[in-house]
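I need the structure of the sequence given here:
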Amino acid sequence: MPPESPPVAAPAPDAPVPSPPHQPGLLELFLAFAKMSLAGFGGVLVWARRAIVEQHRWMTAEEFNETFALCHFLPGPNIVNLSVVFGSRFRGIAGGLAAFAGLVGPPMVIATILAALYARYGDVDVLRRTLAGVACAAVGLLFAVVFKMMMPLLKRRDVTGLVILAAVFVAIGLIRWPLQIVLLVAIPLSIATTVLARRMVRA
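Here you go, the predicted model:
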């Protein structure tokens, strides 16, 4: 009597192919950055990160941090650099222009109107107190987004990154060393430690 043949294993189901990230169009880029700029009284960075990372999920938290870090070392305002780099990443030069126009267009119109009103009514005491309150809220928002941007470092337990972060803060914020000199030391050090850490992981 022939031995029983082993049961044929059923074919494994195909693994689901992850869908590619959504590619925003030119109009979507313009409207997204226009909303960020209109909501970002006191600083657009808070709203930019919320829209890009949390709402639309166009970038991960790590990708946003890396892109924003690059924008720090380009001439000009950081958030403007971010709009151009982000838009260009998805739609090339046209995407960079669309994001840039959405970021600076609506606030430019509003700022022009407010500047005319401030020139006329800037001496009113109530207005000065209102602006002081807005400034306090802006600082609070800035602290909130800095904490959120630190979360990827904390989750990865990147001790080296946190040490460099603290050292740069102390050097610029407390000791008041020149920004250019600190960056000339911190950037190569950050790159070297990152490359070394990845080589150690692969080994």
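
Every contact and neighbour count from this point should use C-alpha atoms.
Fine.

Nearest residue to the middle of the protein?
Nearest to the geometric centre of the chain sits F64, at 4.2 Å (C-alpha atoms, centre = their mean).

Quick one: low-confidence residue ranges for the chain.
1-22, 41-43, 122, 124, 127-128, 131-132, 203 (pLDDT under 70).

which helix of it spans the most residues?
For the chain, the helix with the greatest residue count under DSSP state H is helix 78-121.

quick one: that helix to chain centroid distance?
The chain centroid and the centroid of helix 78-121 are separated by 16 Å under C-alpha atoms, centre = their mean, to the nearest Å.

which helices and strands does it pack with?
With contacts taken as 3 or more C-alpha pairs under 8 Å, 6 or more residues apart in numbering; DSSP states H and E, helix 78-121 sits against helix 26-39, helix 61-72.

tilt between the shortest one and helix 78-121?
Put simply, helix 61-72 runs at 70 degrees to helix 78-121, going by axes from the mean of the first three to the mean of the last three C-alpha atoms, to 10 degrees.

Equivalent analysis for the longest one, please.
What separates the directions of helix 26-39 and helix 78-121 is an angle of 50 degrees, with the same axes, to 10 degrees.

residues in contact with helix 26-39?
44, 47-48, 51, 83, 87, 91, 94-95, 98-107 (C-alpha atoms under 8 Å, 6 or more residues apart in numbering).

circling back to that earlier point, of the helices and strands packed on helix 78-121, flag the one that's most buried.
helix 26-39 (a mean of 20; mean count of other C-alpha atoms under 10 Å).

Return the set of buried residues in the helix or strand A197 falls within.
For A197, the host element (DSSP states H and E) is helix 179-202. Using 16 or more other C-alpha atoms under 10 Å as the test for burial, helix 179-202 gives V182, A186, S190.

Can you give me the distance of the first one to I164?
Per C-alpha to C-alpha, to the nearest Å, V182 is found 11 Å from I164.

Same check on the second one?
Between A186 and I164 the distance, using C-alpha to C-alpha, works out to 7 Å.

again, but for G92
33 Å.

and what of V170?
Distance, V170 to I164, by C-alpha to C-alpha: 10 Å.

More neighbours: which of those two?
I164 (16 against 13; other C-alpha atoms under 10 Å).

Check which helix or strand that one maps to.
helix 159-169.

could I have that helix exported to PDB, CA atoms only?
In PDB, the C-alpha atoms belonging to helix 159-169 read as follows (Å, rounded to 0.1, in the frame of the first residue of the first chain):
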ATOM      1  CA  VAL A 159      20.500  59.900  22.900                       C
ATOM      2  CA  THR A 160      23.100  61.400  20.500                       C
ATOM      3  CA  GLY A 161      20.500  63.500  18.700                       C
ATOM      4  CA  LEU A 162      19.100  64.800  22.000                       C
ATOM      5  CA  VAL A 163      22.600  65.700  23.300                       C
ATOM      6  CA  ILE A 164      23.400  67.600  20.100                       C
ATOM      7  CA  LEU A 165      20.000  69.400  20.400                       C
ATOM      8  CA  ALA A 166      20.700  70.400  24.000                       C
ATOM      9  CA  ALA A 167      24.200  71.500  23.100                       C
ATOM     10  CA  VAL A 168      23.000  73.700  20.200                       C
ATOM     11  CA  PHE A 169      20.300  75.200  22.400                       C
END
